[in-house]
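Novice: with the input below, show me the fold.
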Amino acid sequence: MVQHDATAIVDVRGVVRAWSDGARDLVGYTVEEVVNRPAAELLVEDIEADTVTNLSGLVVLRHRDGSSVPLRLSACALIDESGERCGYVITADPADPVGSQEPTLAGQAFQQASLPMSVFDTTQHYMRLNDRACRIMGVPEEALLGQHFPESVEDRPAHRGWLDHLRQVVDTGRPVRYESFTGAPALNREHSWTTDMWPLRDADGEVHAVGIASFDSTEQYWARQRLALLNEAAASIGATLDVVRTAEELIELLVPRYADFASVDLLEWVFQAEGLPDIPARDIVLRRVAHGSGTKGTPEAAVHVGDTDTYSPLSPPAKALRSGRAVVSQAGEPDFVRWVAARNTRSPAGRAYRVGAHSMLAAPLRARGTTLGVVVAVRIANPEDFGEDDTVLAEDLASRAAVCIDNARRFARERATALALQHSLLPRGLPGQAAVEVAHRYLPSDSLAGIGGDWFDVIPLSGSRVALVVGDVVGHGIPSTATMGRLCTAVRTLADVDLPPDELLTHLDDLVTHLASDESGEVAELGATCLYAVYDPVSRRLNLAAAGHPAPAVLLPDGSATLVEMAAGPPLGVGGLPFEAAELELPAGSVLALYTDGLIEDRDRDVDHATAELCRALCAPADSLDTLCDGVLKAVLPEEPGDDVALLLARTRALGADQVATWDITPDPEHVAAARQAATEQLTAWGLDEAAFVTELVVSELVTNAIRYGAPPIQLRLIRDRTLICEVSDGSSTSPHLRRAHAYDEGGRGLLLVAQLTHRWGSRQTGRGKTIWAEQPLPPD
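Specialist: Next up is the predicted model:
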């Protein structure tokens with residue numbers, strides 16, 4: 001039995017001068033082994049010699065057999081005859097109140113508590129541990145008593161934080177709470193701990209120890225982690241309307257926090273333009289979209305991204321697809337063993353699962369009642385098996401990701417449809433004509449809004465003239481593309497009537513207003529802009545009008561570039577407002593640049609600055625119009641355009657005087673023969689004698705009709721271009737029309753004859769009446 005009268009005398013230098021029998025019984029050392037030795041040698045922890053004389057409170061001594069003995073010390077100073085301090089009388093009591101005594105109720109509560117509890121002295125040495133703490137540490141209490149805390153655990157950030165908080169309690173005398181996620185010597189996995197630390201005070205109120213109680217909050221920790229994962233999924237998955245990127249975002253969320261390896265596989269129909277949802281009755285073919293691993297190089301992947309793989313009906317992924325619920329499979333289960341074996345059989349050499357793949361979870365990707373694919377998560381290094389809570393989390397994550405993937409799939413399909421529709425409506429090969437040389441570019445936006453309603457066209461007109469058109473429909477997607485198709489067709493129809501630019505836009509404005517009207521008669525939010533220009537290579541004049549569209553830029557042969565001065569006009573669909581036409585003369589070789597607002601307008605750009613850049617870019621040297629097109633886009637467009645861009649460049653040409661012949665005709669039938677003769681002579685001068693017979697008939701019929709049914713002045717014009725054009729103008733605005741002559745009619749066959757002998761014919765209104773024209777192909781050179 002340890003006696004209560006364990007005493008020792010220590011001088012001011014910390015050397016033991018006397019040693020009682022009680023002290024010998026307490027720590028096992030005899031008088032001969034202790035006296036005249038420094039008292040510090042008896043302590044478990046090395047301290048300075050001059051601090052030994054100030055010892056009081058709880059300390060841990062080293063027993064002669066090597067074990068630790070926690071004691072409560074009291075020191076009393078010794079005074080010599082001169083009144084100076086010459087030493088100390090130190091008495092010791094066992095620190096364990098239970099010791100050889102019968103256990104108290106409080107001691108039982110401490111020892112048998114379900115929470116790990118312990119007591120540390122003020123220097124962070126173990127003084128007490130209950131049974132639960134010993135089981136977690138994996139050693140009996142005797143092995144830890146007197147040991148410094150850092151020596152009993154690995155050097156990890158969580159343990160260093162634990163030690164810092166122990167010291168904080170001693171320094172401040174206040175309780176603290178410490179949250180940590182770490183392991184323990186006797187635990188096979190990481191746990192979350194909520195630890196309360198509080199000071200233990202003696203009768204004088206001084207802190208002489210620290211009490212510890214830890215609560216295993218692992219379940220609450222993982223619940224918070226799952227909620228945080230779901231919250232992060234809502235913010236990070238689906239940031240782009242791209243199927244592959246959405247799958248990659250899901251993988252980035254799962255690995256490595258939730259799984260050591262994860263993959264996303266989709267059914268084949270998801271990638272087909274007209275595919276229907278289908279899950280085969282037997283083997284299921286899936287295409288790998290994304291995968292990721294906590295290990296560099298993704299050694300767990302048996303299938304490359306983009307390749308397909310076949311899953312048997314008994315495999316967990318196939319079961320998840322058919323059941324519509326998450327499926328968990330653990331190591332040792334038949335399905336898991338078969339799945340790993342089949343996977344390793346298909347794997348390239350060196351890509352078999354490492355030993356330790358012990359848990360797998362497969363969750364179906366379902367959105368709007370349709371199954372798109374499956375996400376598979378595997379744990380290898382993570383010792384935790386997937387449980388019921390994990391299946392709930394996986395289904396929630398898969399559901400959110402599936403909706404985003406389905407949105408991306410729908411968007412991709414709509415975008416592809418709109419793009420195909422728009423490309424089918426835009427001119428693929430521009431028609432041959434001699435008035436201008438053209439080059440064009442169309443750049444669809446990469447933004448999430450998709451394809452827009454930008455369009456352009458080059459329309460050959462009579463008299464070697466050409467119409468240049470560029471327009472933009474408000475909005476994006478299939479509705480805008482469909483509206484663009486309607487407007488493009490309408491412009492071609494109106495251009496065939498050969499209306500002036502301002503009149504054509506007036507008719508087009510009526511059409512847009514009609515399209516925007518719903519059944520109730522109210523005008524919906526539908527609008528468009530358009531620029532229509534007509535260039536005549538004979539007069540070298542450009543007539544143009546705009547409906548809310550940016551003015552074109554023109555590069556003159558002298559190298560200067562400016563914007564054309566013209567009224568912008570109201571957008572199409574406003575209704576009731578006039579359009580103003582502008583006219584200018586362009587020297588041969590001028591370059592006209594027509595474009596949509598996506599080239600110069602953006603919320604972060606100044607329009608004036610952008611148009612100035614456009615003019616500068618047009619002045620840059622270029623060996624062709626195509627090269628100039630690319631240079632303009634590179635110089636003016638930002639790196640990420642926010643809207644579709646259409647650009648049309650046209651270099652003007654001019655027909656020389658030797659290609660055009662004009663005669664004023666006296667309105668008398670007797671002068672028809674003279675007109676035929678003049679036309680025949682001109683064809684001979686041009687070397688086109690082979691076309692003389694048809695041309696004589698055409699000139700005779702058109703001039704006769706003008707004299708008979710038209711009004712002065714009458715003019716005949718021949719144009720030698722890619723075709724031979726015959727034009728007869730008069731002062732009447734009444735247009736002729738074909739009619740079928742009866743057998744006994746004396747007339748009515750002139751225009752029918754012209755239509756049959758020529759390639760095409762028509763009429764157009766002019767400022768002074770009308771012009772009837774007919775084209776016939778020229779013989780090959």
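Novice: for the closest residue to residue 567 other than its chain neighbours, give me its contacts.
Specialist: Closest residue to residue 567 apart from its sequence neighbours, by CB to CB, 6 or more residues apart in numbering: residue 580 at 4.2 Å. C-beta coordinates here come from the backbone N, C-alpha and C atoms, glycine included. Counting by CB atoms under 8 Å, 6 or more residues apart in numbering, residue 580 makes contact with 502, 545, 566, 567, 569.
Novice: cool, and residue 221?
Specialist: Listed by CB under 8 Å, 6+ apart, the contact partners of residue 221 are 181, 192.
Novice: hang on, it in a strand?
Specialist: No: remark: residue 221 does not belong to a strand; assigned using DSSP: H, G, I helix; E, B strand; the rest coil, it is helix.
Novice: distance of it relative to residue 230?
Specialist: 15 Å (CB to CB, to the nearest Å).
Novice: residue 631 now?
Specialist: 50 Å.
Novice: now swap in residue 652 and tell me
Specialist: 64 Å.
Novice: that older thread, which of the contacts of residue 580 ranks first by neighbour count?
Specialist: residue 545 (26 neighbours; other CB atoms under 10 Å).
Novice: what sits closest to it if chain neighbours are left out?
Specialist: residue 501 (3.8 Å).
Novice: ok, the one you found touching residue 544?
Specialist: Yes: Residue 501 is within contact range of residue 544, at 5.5 Å (criterion: CB atoms under 8 Å).
Novice: could you tell me which residues touch both of the two?
Specialist: Residues touching both residue 501 and residue 544 (CB under 8 Å, 6+ apart): 532, 533, 534, 581.
Novice: wait, which of those residues is closest to residue 614?
Specialist: residue 533 (16.9 Å; CB to CB).
Novice: so which elements touch the helix or strand containing that closest one?
Specialist: Assigned by DSSP states H and E, residue 533 belongs to strand 528-536. Contacts defined by 3 or more CB pairs under 8 Å, 6 or more residues apart in numbering; DSSP states H and E place strand 528-536 against strand 466-476, helix 478-496, helix 501-516, strand 541-547, strand 591-595.
Novice: buried residues in the third one?
Specialist: This means helix 501-516. Of all the residues in helix 501-516, those buried under the rule 16 or more other CB atoms under 10 Å are 501-506, 508-509, 511-513, 515-516.
Novice: now do it, average pLDDT.
Specialist: Averaged across helix 501-516, pLDDT comes to 87.
Novice: who touches it?
Specialist: Around helix 501-516, the neighbours that count as contacts under CB under 8 Å, 6+ apart are 483, 486-487, 490-491, 494-495, 499, 523-528, 530, 532-534, 543-547, 569-570, 572-575, 578-581.
Novice: can you say which of those are buried?
Specialist: Buried among those (16+ other CB under 10 Å): 483, 487, 490-491, 494-495, 499, 523, 526-528, 530, 532-534, 543-547, 569-570, 572-573, 579, 581.
Novice: tell me, please, the helix or strand in the chain that averages the lowest pLDDT.
Specialist: Least confident helix or strand, the chain: helix 49-52 with a mean of 50, by mean pLDDT, DSSP states H and E.
Novice: now the strands for the stretch 501-650 of the chain?
Specialist: With DSSP state E, counting those that start in this stretch as the criterion, the stretch 501-650 of the chain has strands at 528-536, 541-547, 553-555, 561-563, 581-585, 591-595, 645-652.
Novice: same deal with the stretch 251-400 of the chain?
Specialist: For the stretch 251-400 of the chain, applying DSSP E, counting those that start in this stretch gives strands covering 261-267, 284-293, 308-311, 327-330, 359-367, 370-379.
Novice: so which of these is nearest residue 252?
Specialist: Using CB to CB as the measure, strand 284-293 is the one of these that comes nearest residue 252, at 6.7 Å.
Novice: in a markdown table: the shared contacts of residue 501 and residue 544, plus distance to residue 254 and pLDDT.
Specialist: Shown next, in a markdown table, are the shared contacts of residue 501 and residue 544 (distance: CB to CB, whole Å; pLDDT from 0 to 100):
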| residue | distance to residue 254 | pLDDT |
| --- | --- | --- |
| 532 | 56 | 96 |
| 533 | 57 | 96 |
| 534 | 62 | 95 |
| 581 | 63 | 93 |
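Novice: can you redo those as JSON lines with distance to residue 317?
Specialist: Output for the shared contacts of residue 501 and residue 544, formatted as JSON lines (distance: CB to CB, whole Å):
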{"residue": "532", "distance to residue 317": "59"}
{"residue": "533", "distance to residue 317": "61"}
{"residue": "534", "distance to residue 317": "64"}
{"residue": "581", "distance to residue 317": "67"}
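Novice: and the nearest residue to residue 486 once chain neighbours are set aside, how far is that from residue 156?
Specialist: Leaving aside its sequence neighbours, residue 486 sits nearest to residue 515 (CB to CB, 6+ apart; 6.7 Å). The gap separating residue 515 from residue 156 is 70 Å, by CB to CB.
Novice: residues in contact with the closest residue to residue 604 other than its chain neighbours?
Specialist: Leaving aside its chain neighbours, residue 604 sits nearest to residue 638 (7.7 Å; criterion: CB to CB, 6+ apart). Applying CB under 8 Å, 6+ apart, we find residue 638 in contact with 602, 604, 605.
Novice: what does residue 632 give?
Specialist: Counted by CB under 8 Å, 6+ apart, residue 632 has contacts 593, 614, 617, 618, 647, 649.
Novice: how about residue 6?
Specialist: 20, 22, 23, 25, 26, 91, 92, 93 are the contacts of residue 6 under CB under 8 Å, 6+ apart.
Novice: 10 Å instead?
Specialist: Shown in contact with residue 6 (CB atoms under 10 Å, 6 or more residues apart in numbering): 19-27, 71, 73, 90-94.
Novice: that one pairs with what?
Specialist: Per DSSP bridges, the residues bridged to residue 6 are residue 92.
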